[in-house]
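1. fold the stuff below for me.
(one chain, ligands or ions: 1)
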Amino acid sequence: MDLIKNKDVGRRITGKNNFCPKCNNRGRVKIVKECDKEKFSDLFDRYDATGTLEHYICYDRAMEDCEYDYFYCPNCEEGQKYKDKYPEYDGI
Ligand SMILES: [Zn+2]
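-> I've put the predicted structure just below:
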């Protein structure tokens, strides 16, 4: 499979060709640690309940308050920057 060509694109996405849905062009994915899963879900629900925040913002804010690990994204060029630093992300 070819890597998505999104190196250094960041948020300046122009189309499907340079957008990686797996990592949202961040190249790495934050995964909340097992011990904080419940806390994360409570926080997410609390932010989401306001009804004024986009889901991804609720997600990011909840994550900031929890312990998490980074994984690199194997699907895109941006992810290759982190290949030697973090384990591979195998989620969706
Ligand atoms: Zn990616």
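2. what does the model give Arg11 for pLDDT?
-> For Arg11, the model assigns a pLDDT of 88.
3. wait, it sits on Asn25?
-> Yes - in this structure, Arg11 is within contact of Asn25 by Cβ atoms under 8 Å, at 6.9 Å. Every C-beta, even on glycine, is put in place using the N, C-alpha and C of the backbone.
4. how far away is the nearest residue to Val32 once chain neighbours are set aside from the ion?
-> Once flanking residues are discounted, Val32 sits nearest to Phe40: 4.4 Å by Cβ to Cβ, 6 or more residues apart in numbering. For Phe40, the distance to the ion equals 22 Å [Cβ to the ion, to the nearest Å].
5. residues contacting Phe40?
-> For Phe40, the contact set (Cβ atoms under 8 Å, 6 or more residues apart in numbering) comprises 32, 62-63, 66.
6. the more surrounded of Arg11 and Asn25?
-> Asn25 (22 against 8; other Cβ atoms under 10 Å).
7. so what sits against both of Arg11 and Asn25?
-> Common neighbours of Arg11 and Asn25 (Cβ under 8 Å, 6+ apart) do not exist.
8. what's the farthest-apart pair in the contacts of Phe40?
-> For the contacts of Phe40, the maximum inter-member distance is 8.2 Å, found between Val32 and Ala62 (Cβ to Cβ).
9. now do the buried residues in the longest helix anywhere in the chain.
-> When the chain is parsed with DSSP state H, its longest helix is helix 37-49. Neighbour counts over helix 37-49 (16 or more other Cβ atoms under 10 Å) mark 40, 43-44, 47-48 as buried.
10. closest to Glu88 out of those residues?
-> Set against Glu88, the nearest of those by Cβ to Cβ is Phe40 (21.7 Å).
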